[in-house]
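Enquirer: model this:
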Amino acid sequence: MSSTPPLIPVAANIPALVAFVLILAIAVITKLIVFFKRSLMKYRLVRFFDTYFLLFITALILVNAYFIAPALSGSMLFMMYQFISPKIKYTYPSSNDNDVALREGIRVIFNVPIDNKSITSDSLKLINLNTSTTVSGTVGTSDSDLKWIYVEFRPTTQLQPFTKYSVSIDDKIKDIFGRSISKGMEWTFTTGNMLEPEE
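Expert: As a prediction, this is how the structure comes out:
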């Protein structure tokens, strides 16, 4: 499990973007000037841009595709998260699921990245309803390229077969902007006798 991933601030991308646009503009303007006024070819820099124009433009496009565009995309996603109210998007196991594998963990996916500092032992609780006891385990956050992030609970020992469990999520969980989720959630599921989930 990892901590909340570092997000790329928009300001960090501005110098790279300005440099990219400036160099591209110089290359295009030079090509246009040479096209209309060939006498400028006596200047070495003009000859350089004119000779290697296509190669230069191709290199700029590749640099943009692999370095600048992905960084800007991450920043735009970061800004977009600020306008989305944090809430639970998906749970696994789902409510009233049956035949859940005994070695399965509990995962709760949110629509925005969650602050791992707001995740405590009380954030996600798993209760064995047959014995009314709380199942011990570890809880934390995990993520995937900032598209979503989830809280995961891993029981210390495998679950009991053919047993009904209750899962509760605390509404005090916060996103990376310090906003609490809109509401908590509670649901139940029942295990089967398989150790691992079916593929």
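
Enquirer: domains in the chain, as residue ranges please.
Expert: Structural domains assigned to the chain are 10-81, 88-191, following automatic domain parsing.

Enquirer: check contacts around residue 86.
Expert: Residues in contact with residue 86, defined by CB atoms under 8 Å, 6 or more residues apart in numbering, are 110-112, 114, 174-175, 179-182. Yep, even glycine has a C-beta here, placed from its N, CA and C like the rest.

Enquirer: can you flag the buried ones in those residues?
Expert: When these are checked for burial by 16 or more other CB atoms under 10 Å, the buried set is 110-112, 114, 174-175, 181.

Enquirer: out of those residues, what pair is the most spread apart?
Expert: By the measure CB to CB, the buried ones among the contacts of residue 86 have their two most distant members at 111 and 174, which lie 13.6 Å apart.

Enquirer: can you flag the weakest of the domains of the chain by average pLDDT?
Expert: Least confident of these, judged by mean pLDDT, is domain 10-81 with a mean of 64.

Enquirer: about what we covered before: in CSV: the contacts of residue 86, plus secondary structure.
Expert: As requested, the contacts of residue 86 are arranged in CSV below (DSSP: H, G, I helix; E, B strand; the rest coil):
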residue, secondary structure
110, strand
111, coil
112, coil
114, strand
174, strand
175, strand
179, coil
180, strand
181, coil
182, coil
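
Enquirer: if anything else comes up later, I'll come back, but that's it for now.
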